[in-house]
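Peer 1: Take this sequence and fold it.
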Amino acid sequence: MLSHFDQAGKAHMVDVSGKPVTAREAVAEGCVVMAPETLALVTEGTAEKGDVLGIARVAGIMAAKKTAEIIPLCHPLPITKVALDLTPDATLPGVRIRATVKTSGQTGVEMEALTAVSGAALTLYDMLKAAEKGMQIEGIRLVMKDGGKSGRYEATP
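Peer 2: Numbers count the residues shown, from 1 in each chain. Okay, here's the model as predicted:
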């Protein structure tokens, strides 16, 4: 049975009150694929809206902190760390996004890491859409989670 459904099949917030507080960490990744000319606006710092990577990084941090307000059955968590790496990559071409989120709590931060990547990717799109509307947000996935009863998970490359 999926944990977000009760015996009658109705959605509910999982009761984590009996779970021990443990260190939790999650890493997620994704990318925004764009034309080489659009990527040049990012790398050369000439995008109309300014520091595209800096603003997207802050947006990802804010998104992680707001996850429980966006995803209906997520618990609000005391996040202790959110770090975002946004790396221009000419081979895509585009920007690779990686988010790391940590907490000490009774449930994991996978959703916070995924939301951080999503928020950063959407912000990149928003800041660059005047230059290119055909950008694609791709490959958002959980790369690693650690802590809690289920222990460590690492995605295959």
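Peer 1: Check this protein for its longest helix and report it.
Peer 2: Assignment by DSSP state H gives helix 110-128 as the longest helix of the chain.
Peer 1: buried ones in it?
Peer 2: By 16 or more other Cβ atoms under 10 Å, the buried positions in helix 110-128 come out as 110-125, 127-128. To be clear about C-beta, it is placed using only N, CA and C from the backbone, and glycine gets the same treatment.
Peer 1: With stretch 128-144 instead?
Peer 2: Buried residues in stretch 128-144, counted by 16+ other Cβ under 10 Å: Leu128, Ala131, Met135, Ile137, Ile140, Leu142, Val143, Met144.
Peer 1: Throw those into TSV and include secondary structure, pLDDT and distance to Asp89, thanks.
Peer 2: Putting the buried residues of stretch 128-144 into TSV (DSSP: H, G, I helix; E, B strand; the rest coil; pLDDT from 0 to 100; distance: Cβ to Cβ, whole Å) gives the following:
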residue	secondary structure	pLDDT	distance to Asp89
Leu128	helix	97	15
Ala131	coil	96	17
Met135	coil	98	14
Ile137	strand	98	14
Ile140	strand	98	16
Leu142	strand	98	20
Val143	strand	98	16
Met144	strand	98	20
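Peer 1: for those residues, which one is nearest Ala8?
Peer 2: Set against Ala8, the nearest of these by Cβ to Cβ is Leu142 (29.2 Å).
Peer 1: Off-centre distance for stretch 103-123?
Peer 2: Its chain's C-alpha centre and that of stretch 103-123 lie 5 Å apart, by Cα atoms, centre = their mean, to the nearest Å.
Peer 1: which residues touch Asp85?
Peer 2: Counting by Cβ atoms under 8 Å, 6 or more residues apart in numbering, Asp85 touches Arg96, Ile97, Arg98, Ala99.
Peer 1: Where does it sit: helix, strand or coil?
Peer 2: Of the three states, Asp85 takes strand under DSSP: H, G, I helix; E, B strand; the rest coil.
Peer 1: follow-up on the earlier one: packing partners of the longest helix of the chain?
Peer 2: strand 22-33, helix 36-44, helix 52-65, helix 67-70, strand 79-89, strand 94-105, strand 136-146 (3 or more Cβ pairs under 8 Å, 6 or more residues apart in numbering; DSSP states H and E).
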